[in-house]
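Asker: Build the 3D model from these lines:
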Amino acid sequence: MGLAKSFVNFVCRFSLETLCRIDKRDIEKVPANGPLILYANHTGSVEAPIIYSLLQPRPAVGIAKAESWDNWFLRWIFTLWDVIPIRRGETDMDAMRKSLGALERNNILGISPEGTRNKTGALLRAKPGIVILAMRSEAPLQPIAHWGGENFIKNLKRLKRTDFYIRVGPIFRLDAHGEHVSKEVRQQMADEIMYQLAKLLPPAYRGEYSDIENATETYLRFVN
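Answerer: Sure, this is the predicted structure:
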C-alpha cells in the first residue's frame, strides 16, 4: 500500500505540474509537522490533488463528500490517500471522530469550510462545522487559498496549460474567551476564519466575504 501510494503521488504531481503552471512558493509556509487544520476554498476537483501532492511527505488527510465513494476510481484513490468520507447535511459523528483522530496523530487535516463546491470561483458562506472541529481538537488553523483551477477542464479541452496560484496565510487558534459558544458565535467564528482566506484571494474570488473592511478577529488568536 505504501509503495502504491508513493507511486500514485509521484504520477499525480508529475502530471499536474505538466498540465498546470503552479505558483507554489507559499507552500513552505505550511508547518512540516504537528496537527493542523489546513482549510481552503473549493472551486473544482483539481485543487485537492495539487495541494495534497505538494504537501508530501508531510502526513496529510482530507475530507470529501461520501457520494464520491460511489465512483470506483475515486473510491480507490481516496482509500489510498486515507480521505475521510462525510455525509453532508447531517451531523456525521463518524467523520468527526476520524477527523479528530487524524489530528491526534499529528496529521494535517484538509477541509473546505464552504461545505460544497462554489461554481463561480467566488467564496460561499462558511458552514460552522470547522469551528466545532477546531474547538474540540484545539488544533491550530491555517488558510490556503488558490485560484485558476476553475479553468482546468476548459483549458484541458483546448490543450492549454492552467495557471494555478496558491497563497498561504498565518496560523491561528480559536479562542472563545470563556464565552458560551452559541450558534451565533459559531457562525461569527466561521466568518472570521473565512475572512482570513478571503484576504489571500484576488477581489473577484472573495464572494460572500468581499467586504474585507468589515472583517473582525474577535475569536482568533494568532500564533507567532
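Asker: From the contact counts, what lies against the longest helix anywhere in the chain?
Answerer: As assigned by DSSP state H, the longest helix anywhere in the chain is helix 2-19. Helix 2-19 sits against helix 47-55, helix 72-80, with contacts defined as 3 or more CB pairs under 8 Å, 6 or more residues apart in numbering; DSSP states H and E. From N, CA and C alone the C-beta is placed, and that goes for glycine too.
Asker: what about those helices, which gets the closest to Glu138?
Answerer: helix 47-55 (21.8 Å; CB to CB).
Asker: What mean pLDDT does stretch 47-65 get?
Answerer: Mean per-residue pLDDT for stretch 47-65: 91.
Asker: Poorly predicted segments of this protein, please.
Answerer: 1 (pLDDT under 70).
Asker: So which residues of it form strands?
Answerer: 20-23, 36-40, 60-65, 84-86, 108-111, 141-147, 162-168, 172-174, 220-222 (DSSP state E).
Asker: which one of the ones you listed lies closest to Lys154?
Answerer: strand 162-168 (8.7 Å).
Asker: So what touches stretch 9-22?
Answerer: Here stretch 9-22 makes contact (CB atoms under 8 Å, 6 or more residues apart in numbering) with 46, 49-50, 52-54, 56, 148-149, 152, 156, 161-164, 166.
Asker: which residues does the nearest residue to Gly62 once chain neighbours are set aside contact?
Answerer: Nearest residue to Gly62, sequence neighbours excluded (CB to CB, 6 or more residues apart in numbering): Gly110, at 3.9 Å. If you count contacts by CB under 8 Å, 6+ apart, Gly110 has them with 38-40, 48, 51-52, 60-63.
Asker: Alpha carbons only: can I get stretch 73-92 in CSV?
Answerer: Once non-C-alpha atoms are left out, stretch 73-92 reads as follows in CSV (Å, rounded to 0.1, in the frame of the first residue of the first chain):
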residue,chain,number,x,y,z
PHE,A,73,-11.8,5.3,-9.2
LEU,A,74,-12.4,7.9,-6.5
ARG,A,75,-13.1,5.2,-4.0
TRP,A,76,-9.8,3.6,-4.8
ILE,A,77,-7.7,6.7,-4.7
PHE,A,78,-9.5,8.2,-1.7
THR,A,79,-8.9,5.0,0.2
LEU,A,80,-5.2,5.1,-0.8
TRP,A,81,-5.0,8.7,0.5
ASP,A,82,-6.9,7.9,3.7
VAL,A,83,-9.6,10.5,2.8
ILE,A,84,-12.4,10.8,5.3
PRO,A,85,-15.9,10.5,3.9
ILE,A,86,-18.6,12.9,5.3
ARG,A,87,-22.3,12.7,4.9
ARG,A,88,-23.3,16.3,4.1
GLY,A,89,-26.5,17.9,5.5
GLU,A,90,-26.3,15.9,8.8
THR,A,91,-24.3,15.6,11.9
ASP,A,92,-21.8,12.9,10.9
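Asker: Around the closest residue to Ser53 other than its chain neighbours, count how many other residues there are.
Answerer: Spatial nearest neighbour of Ser53, chain neighbours left out: Arg13 (3.9 Å); criterion: CB to CB, 6+ apart. Look at Arg13: counted by other CB atoms under 10 Å, it has 17 neighbours.
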